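# here is my input; please provide its structure:
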Amino acid sequence: GCVSLQSISIPNSVTTLGNYAFDGCTALASATIGDGIKVIGGYAFRNCTDLKTVHIGTKVEEIGTYAFYNCNKLTDINWSNTIKTLGQRAFDYCSSLSYAELSANLQTMGSDVFEDCIKLTKVTINEGCMVVGNSAFSGCVSLQSISIPNSVTTLGYYALDGCTALTSAAIGDGIKEVGNYAFRNCSSLISLTIGKKAESIGAYAFYGCSALESISVTSETVPTTGNNAFNHFDATLYVPAELLSQYQTTPLWSKFKEIKTLDNNGIETPNCYGSRGGWAILTILLQNVDEFTAFQFDITLPQGITLTGSPLSYRRAEDHMWSYYPLGNNQYRVKALSPSSATFSGVSGELIDLYLYIDPKMETGNYSIEVKDFVMGFTNGETVNIGGCSSVIAVNPAIIEGDMDGDEIITVGDITKLIEKYLGVE
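Next comes the predicted model:
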């Protein structure tokens with residue numbers, strides 16, 4: 001409750017950061033946590049509503065329950081690779097947090113850990129994590145894609161409930177049960193991959209996923225389904241050839257418009273969106289019958305949108321390295337290869353996410369993205385061109401803090417609505 005404290009630097013000599021240590025320090029803007037601390041106590045920075053930057057030391061293994069709850073201005077945090085546990089609601093209501101590249105050693109994500117982080121667009125969950133808790137990302141309305149690694153064995157109830165911007169999801173091979181309501185009302189979800197060990201799909205797990213176009217189920221058996229696990233059946237369902245007849249005669253699964261076998265190589269790019277002066281994430285999905293070690297493709301972007309930086313996610317890779325270079329006329333060539341000729345893992349799902357920058361002066365609207373000449377390379381030196389695909393990027397108005405009606409101008413009306421929101425006035 002030291003409401004005038006503006007910054008804190010905890011020296012390396014400190015070994016304990018207790019519960020409630022800086023709870024309610026509403027003026028605190030930056031915090032550095034020294035290398036002597038292993039556990040950030042529960043509620044340690046709760047309601048530090050002006051906290052923007054946190055540096056976590058190299059020895060921290062656990063972030064306690066509610067540790068950064070309602071730090072609604074937090075934007076800059078280093079995700080130390082020593083972190084093994086994120087406690088319940090550790091970052092709940094961190095409404096300015098936009099990206100989380102979680103520790104390579106993370107094992108457990110508690111329930112509600114990122115719930116209602118409304119600006120969170122991208123999360124990287126590394127191989128090694130075993131538990132994604134109940135409601136872990138519930139209400140993350142800006143999250144665009146998620147890939148659950150094969151190490152995860154538990155995907156909790158409501159895990160991604162209400163993630164209305166989510167366009168693609170890949171559930172790894174370690175999960176046997178997709179929890180009840182796990183992806184409920186993910187109304188923009190277009191592409192879904194369910195892993196090899198899936199045995200059951202919980203009640204209402206994909207209820208309200210009205211945009212689904214492609215579902216790949218690689219499970220070795222036909223998963224059982226809970227009440228209303230799906231309620232939209234316009235998607236094409238891809239299943240192992242040896243299980244085709246069972247899917248065609250099993251209640252609920254048999255309702256899908258079309259059921260095909262996983263017997264072709266194919267590429268897909270779900271639609272994406274971003275704001276002027278901001279970024280969009282374009283996901284490249286690949287269904288492959290054959291093991292491959294390298295790929296190359298050409299992509300044409302609308303004028304005003306550029307390919308930039310490193311890929312945000314490179315899920316199915318081993319030691320693969322990627323590169324890209326411009327070909328002219330806003331066209332790029334993207335390549336990836338392995339120095340050791342390692343093959344990409346899996347047979348379907350997210351291959352790579354590309355980071356696209358949108359010019360602040362670009363007109364709002366829908367624009368076409370074209371991917372062509374996707375070439376897969378094999379260990380024997382042979383290649384195959386599987387063609388291409390197209391998708392749409394929606395360019396939205398710029399996001400301005402306090403712009404309540406989305407017209408890119410702060411007006412008296414915006415201020416009035418903001419005050420009413422914080423006062424709870426309907």
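# which of the helices or strands spans the nearest residue in space to K255 that is not next to it in sequence?
Using CB to CB, 6 or more residues apart in numbering and skipping the chain neighbours, the partner closest in space to K255 is F233 (4.5 Å). Every residue, glycine included, has its C-beta placed from N, CA and C. Remark: F233 resides in no helix or strand, with elements defined by DSSP states H and E.
# F256 is in contact with F233, correct?
Yes: the criterion here is CB atoms under 8 Å, and F233 meets it with F256 at 4.9 Å.
# what number of residues lie near A44?
A44 has 26 neighbours, counted by other CB atoms under 10 Å.
# same question, A104
For A104, the neighbour count with other CB under 10 Å is 15.
# the stretch 201-350 of the chain: helices as residue ranges?
For the stretch 201-350 of the chain, the helices defined by DSSP state H, counting those that start in this stretch cover 244-249.
# what are the ranges of the strands in it?
214-217, 224-225, 236-239, 258-261, 266-268, 272-275, 279-287, 294-300, 305-307, 321-328, 331-337, 350-358 (DSSP state E, counting those that start in this stretch).
# residues contacting the shortest one, please?
For strand 224-225, the external contacting residues (CB atoms under 8 Å, 6 or more residues apart in numbering) are E199, S200, I201, P251, L252, W253.
# so which of those residues is the most crowded?
I201 (26 neighbours).
# so what pLDDT did it get?
Per-residue pLDDT puts I201 at 96.
# go ahead and confirm it touches G226.
Yes: in this structure I201 lies within contact range of G226 using CB under 8 Å: 6.5 Å.
# thinking again about what came up before, residues contacting the residue nearest to K255?
Contacts of F233 by CB under 8 Å, 6+ apart are K255, F256, K257.
# look up how far I369 lies from the nearest residue to N330 once chain neighbours are set aside.
Leaving aside its chain neighbours, N330 sits nearest to L301 (5.0 Å; criterion: CB to CB, 6+ apart). Taking CB to CB, to the nearest Å as the measure, L301 falls 6 Å from I369.
# what sits against F344?
N288, E291, F292, T293, F295, R316, A317, E318, H320, L351.
# and the pLDDT at it?
Reading off the model, F344 has pLDDT 87.
# sorry, back to before: out of the contacts of F233, who has the most neighbours?
The most crowded member of the contacts of F233, judged by other CB under 10 Å, is F256 (20 neighbours).
# tell me if I'm right that that residue and H232 touch.
No: applying CB under 8 Å, one finds F256 not in contact with H232, separated by 9.5 Å.
# what would the contacts of F233 look like in CSV with distance to A170 and pLDDT?
CSV is the format used below for these (distance: CB to CB, whole Å; pLDDT from 0 to 100):
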residue, distance to A170, pLDDT
K255, 23, 96
F256, 19, 95
K257, 22, 90
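# ok, so of those, who is nearest N78?
N78 lies nearest to F256 out of the contacts of F233, by CB to CB, at 43.8 Å.
# next, count neighbours for the closest residue to that closest one other than its chain neighbours.
Using CB to CB, 6+ apart and skipping residues adjacent in sequence, the residue nearest F256 is L237, 4.2 Å away. Neighbourhood size, L237 [other CB under 10 Å]: 23.
# wait, what's in contact with L237?
Contacts of L237 (CB under 8 Å, 6+ apart): I215, V217, Y247, W253, F256, E258, I259, K260.
# in JSON lines: the contacts of F344, plus pLDDT and distance to S111.
Output for those, formatted as JSON lines (pLDDT from 0 to 100; distance: CB to CB, whole Å):
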{"residue": "N288", "pLDDT": "81", "distance to S111": "35"}
{"residue": "E291", "pLDDT": "82", "distance to S111": "38"}
{"residue": "F292", "pLDDT": "90", "distance to S111": "38"}
{"residue": "T293", "pLDDT": "92", "distance to S111": "40"}
{"residue": "F295", "pLDDT": "94", "distance to S111": "38"}
{"residue": "R316", "pLDDT": "76", "distance to S111": "28"}
{"residue": "A317", "pLDDT": "79", "distance to S111": "30"}
{"residue": "E318", "pLDDT": "77", "distance to S111": "32"}
{"residue": "H320", "pLDDT": "87", "distance to S111": "34"}
{"residue": "L351", "pLDDT": "87", "distance to S111": "30"}
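# now the buried members of the residues you listed.
The neighbour count (16 or more other CB atoms under 10 Å) marks N288, F292, T293, F295, R316, A317, H320, L351 as buried among these.
# wait, doesn't the fourth one sit right on M376?
Yes: using CB under 8 Å, F295 makes contact with M376 at a distance of 5.5 Å.
# where along the stretch 1-150 of the chain do the strands fall?
Per DSSP E, counting those that start in this stretch, the stretch 1-150 of the chain carries strands over the ranges 7-10, 30-33, 39-40, 53-55, 62-63, 76-77, 85-86, 99-101, 108-109, 122-124, 131-132, 145-148.
# pull out the buried residues from stretch 391-400.
Those would be S391, I393, V395, for stretch 391-400 by 16+ other CB under 10 Å.
# so V384, which of the three states?
What DSSP: H, G, I helix; E, B strand; the rest coil gives for V384 is strand.
# show the contacting residues for it.
Per CB under 8 Å, 6+ apart, neighbours of V384: N265, D290, V375, M376, F378.
# can you pull the pLDDT of G195?
Here the pLDDT value assigned to G195 is 87.
# that one and E127, how far apart?
In terms of CB to CB, G195 sits 13 Å off from E127.
# next one: T308
Going from T308 to E127 by CB to CB gives 26 Å.
# which of the contacts of L237 lies closest to D92?
Comparing the contacts of L237 against D92 with CB to CB places I215 closest, at 30.4 Å.
# show the contacting residues for the residue minimising distance to the centre of the chain.
Using CA atoms, centre = their mean, the residue of the chain that lies closest to the mean C-alpha position is I146, 3.3 Å off. Residues near I146 by CB under 8 Å, 6+ apart: V123, I125, F137, L160, C163, L166, S168, A169, A170.
# can I assume the last one sits in a helix?
Read it as A170. No: read with three-state DSSP, A170 is strand and lies in no helix.
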